[in-house]
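Visitor: structure for the following, please:
(one chain, ligands or ions: 1)
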Amino acid sequence: MGDDARGPLRRGSIAVARLPARYRPLIVRGKLITIEGLDGAGKSTLAGALCEAIGAAGLPVELLREPGGVALSERVRALVKDPALEVSAPAEALLYAAARAQLVRERVEPLLHDGVHVLLDRYVDSSLAYQGAARGLGVELVREINRFATGGLDPDRTLLLRIDPAEGRARQAARDERPDRLEREDEEFFLCIARAYDELAAAEPQRIRVLDASFTPATVLSDALDALSDLLALRPAARG
Ligand code: TMP
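Guide: As a prediction, this is how the structure comes out:
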């Protein structure tokens, strides 16, 4: 698809809407920022607030979620969450990877190419922790599957919202929603995910920044902006 065939970019893309091709070399590639954590850690709340704050600082930014973000991946989301379906561990890992492969090619790569920062609510680390560790498939195998799925696209930074698994489950229960297929798993499953996230963060401290999710949403947002300030060259004012 040529530059001019691509429609105007959506939310947060003010700086790069349909620039003529001769200006393309001037566009700095956007950054991929992912948000990770246990269910109930407050990822979606943080993601929405971060998107607003980064946009308010005048930077082009788009918020997407996983699994989802494009039509095919939203359908996969419905499948993997459905408590009525039996899904084997390998099928589960491949479904998440398929949803990711489509999202990366259809939305994430084009946005980054156009200079838009992409905030992604979950990405490969979720698969490493949930399918690799908690489902017992092995982190390295799941990493390999995802290298194929994403074409090797790694996050520039990852914010890991760290919460005690019991607290995460309590918050989730308080939401008064029907638990989805994964939320029905037992305590050991979530303890295993929490341990896996900690190990991933310890192995890559430069990329994965750990935030204490037990604080108020305003404090978590402020900590998140601090953790992104060098990457996005945010001025202190943007951090409130
Ligand atoms: P959420 O978007 O509401 O957090 O739901 C996504 C669910 O899917 C959540 O329970 C975590 C799980 N998940 C995986 O197990 N592996 C993955 O790769 C992703 C993206 C999510």
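Visitor: pLDDT-wise, which helix or strand of this protein ranks last?
Guide: helix 165-174 (a mean of 89; mean pLDDT, DSSP states H and E).
Visitor: what residues sit buried inside that one?
Guide: For helix 165-174, burial by neighbour count (16 or more other Cβ atoms under 10 Å) applies to 165, 168-169, 171-172. To be clear about C-beta, it is placed using only N, CA and C from the backbone, and glycine gets the same treatment.
Visitor: residues in contact with the helix or strand that it is followed by?
Guide: Counting by DSSP states H and E, the next helix or strand C-terminal to helix 165-174 is helix 187-203. Residues outside helix 187-203 that contact it (Cβ atoms under 8 Å, 6 or more residues apart in numbering) are 36-39, 125, 128-130, 132-134, 139, 160, 162, 164-166, 168-169, 208, 210.
Visitor: go ahead and build a ChimeraX selection from the buried members of those residues.
Guide: Buried subset of those, written as a ChimeraX selection, criterion 16+ other Cβ under 10 Å:
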select :36,37,38,39,125,128,129,130,132,133,134,139,160,162,164,165,168,169,208,210
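Visitor: the contacts of helix 187-203 in helices, which ones?
Guide: Those of the contacts of helix 187-203 mapping onto helices are 125, 139, 165-166, 168-169, per DSSP state H.
Visitor: distance to the ligand added to the residues you listed, as a markdown table?
Guide: As requested, the ones in helices among the contacts of helix 187-203 are exported to a markdown table (distance: Cβ to the nearest ligand atom, whole Å):
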| residue | distance to the ligand |
| --- | --- |
| 125 | 8 |
| 139 | 12 |
| 165 | 13 |
| 166 | 16 |
| 168 | 11 |
| 169 | 12 |
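Visitor: and the two most separated of those residues?
Guide: Of all pairs drawn from these, the widest gap by Cβ to Cβ lies between 139 and 166 and measures 24.0 Å.
Visitor: and the helices in this protein?
Guide: Using DSSP H, helices in the chain cover 43-56, 71-81, 89-103, 109-113, 124-127, 139-150, 165-174, 187-203, 217-232.
Visitor: out of those helices, which one sits most buried?
Guide: Each of the helices of the chain was scored by mean neighbour count; the highest is helix 124-127, a mean of 26, by mean count of other Cβ atoms under 10 Å.
Visitor: show me the contact partners of it.
Guide: So helix 124-127 is contacted by 34, 36, 66, 93, 96-97, 100, 142-143, 145-146, 150, 154-155, 158, 160, 197, 200, 208 (Cβ under 8 Å, 6+ apart).
Visitor: from the residues you listed, which are also near the ligand?
Guide: 66, 96 (Cβ under 6 Å from any ligand atom).
Visitor: need the residues of this structure near the ligand, please.
Guide: Residues of the chain lying close to the ligand (Cβ under 6 Å from any ligand atom) are 39, 65-67, 96, 122, 126-127, 130-131, 182.
Visitor: just flag the most distant two among these.
Guide: 65 and 131 (17.6 Å).
Visitor: and for residue 84, the neighbour number?
Guide: By other Cβ atoms under 10 Å, 5 other residues sit near residue 84.
Visitor: any idea how far the ligand is from it?
Guide: Per Cβ to the nearest ligand atom, to the nearest Å, residue 84 is found 16 Å from the ligand.
Visitor: what's that residue sitting at in phi/psi?
Guide: When read as degrees, to the nearest 10, the backbone of residue 84 gives phi -80, psi -10.
Visitor: try the one 4 residues further on
Guide: Here is the backbone geometry of residue 88 (degrees, to the nearest 10): phi -70, psi 160.
Visitor: what's the end-to-end length of stretch 66-76?
Guide: This stretch, stretch 66-76, spans 10 Å end to end (Cα to Cα, to the nearest Å).
Visitor: centre of the chain versus it, how much separation?
Guide: In terms of Cα atoms, centre = their mean, to the nearest Å, the centre of stretch 66-76 is found 13 Å from the chain centre.
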